[in-house]
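Engineer: Take a look and give me a structure for this.
(chains A and B)
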Amino acid sequence: AQSVSQHNHHVILSEAASLELGCNYSYGGTVNLFWYVQYPGQHLQLLLKYFSGDPLVKGIKGFEAEFIKSKFSFNLRKPSVQWSDTAEYFCAVRGNNRLAFGKGNQVVVIP
Amino acid sequence: GAVVSQHPSWVICKSGTSVKIECRSLDFQATTMFWYRQFPKQSLMLMATSNEGSKATYEQGVEKDKFLINHASLTLSTLTVTSAHPEDSSFYICSASRGRQNTEAFFGQGTRLTVV
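Structural biologist: Below you'll find the predicted structure:
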């Protein structure tokens, strides 16, 4: 079964700073990769997804992620964050019909 | 996007009783549904994966007799917590997907279960 690793659980940064969140997974088969965001008191929302094709994926709200197969990674990036990006971010990997989540990154953006 | 509705959103029950949580895909047919448990300030722990018309696949360490999952139709899956105890108190979340691969999973709003 696949496992998903996210590091640096708590991230604090100022507005306009760049954000990068790491995600690594362990699974040798075909995977679908996702980043979800959870704003306080709200459902999980999909930021972006990768199924196949161009490994650089652009999502909503200026987020992008790059799938590097050789590194089993799918890191999330945003060049310039805003206060409204304060949320919890989860990486998820679907393989063998399981959808497993990483532990999440709590991101706080200071105005 | 597609809508997944979970009911109830909040339930309190007495220790020893059973509680059923429903997960419905409102505007699409969900071949696969996932059930998660989320502890405070922690991630989503996958409990089981259910495919319509077949038995659910439980994760290691999840008691299938305690957490009964039924996925009898393409729009409804239920999770029944049997003989609930205070340690079962948690936030339970379902998600639904149109297919087994190359499809997005959509999430319900979750159910807060408190066992007293």
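Engineer: Chain B against chain A: which residues are in contact?
Structural biologist: B:1, B:32, B:34, B:36, B:41-46, B:49, B:51, B:57, B:59-60, B:93, B:95, B:97, B:100-105, B:107-110 (Cβ under 8 Å from any Cβ of the partner chain). The C-beta positions use only the backbone N, C-alpha and C, and glycine is treated the same way.
Engineer: just the buried members of those?
Structural biologist: Among the residues of chain B next to chain A, those classed as buried by 16 or more other Cβ atoms under 10 Å in any protein chain shown are B:32, B:34, B:36, B:43-46, B:49, B:51, B:59, B:93, B:95, B:97, B:103-105, B:107-108, B:110.
Engineer: ok, how many other residues are close to A:K71?
Structural biologist: By other Cβ atoms under 10 Å in any protein chain shown, the residues close to A:K71 number 10.
Engineer: And it, how far from chain B?
Structural biologist: Using Cβ to the nearest Cβ, to the nearest Å, we find A:K71 at a distance of 22 Å from chain B.
Engineer: wait, that residue sits on A:N24?
Structural biologist: Yes - using Cβ atoms under 8 Å, A:K71 is in contact with A:N24, at 7.3 Å.
Engineer: residue closest to the middle of chain B?
Structural biologist: B:W35 (3.6 Å; Cα atoms, centre = their mean).
Engineer: Doesn't it lie inside a strand?
Structural biologist: Yes - B:W35: assigned to a strand according to DSSP: H, G, I helix; E, B strand; the rest coil.
Engineer: give the contact list for it.
Structural biologist: By Cβ atoms under 8 Å, 6 or more residues apart in numbering or on different chains, B:W35 lies in contact with B:23, B:46-50, B:56, B:67, B:69, B:77, B:79, B:92-94.
Engineer: Tell me which two of those sit farthest apart.
Structural biologist: The most widely separated members of the contacts of B:W35, counting by Cβ to Cβ, are B:A56 and B:I93 (15.4 Å).
Engineer: and the closest residue to B:P8 other than its chain neighbours, what does it touch?
Structural biologist: Nearest residue to B:P8, sequence neighbours excluded (Cβ to Cβ, 6 or more residues apart in numbering or on different chains): B:T111, at 6.1 Å. Contact analysis of B:T111 by Cβ under 8 Å, 6+ apart lists B:6-11, B:21, B:91-93.
Engineer: Next one: A:L48 from chain B, what distance?
Structural biologist: In terms of Cβ to the nearest Cβ, A:L48 sits 10 Å off from chain B.
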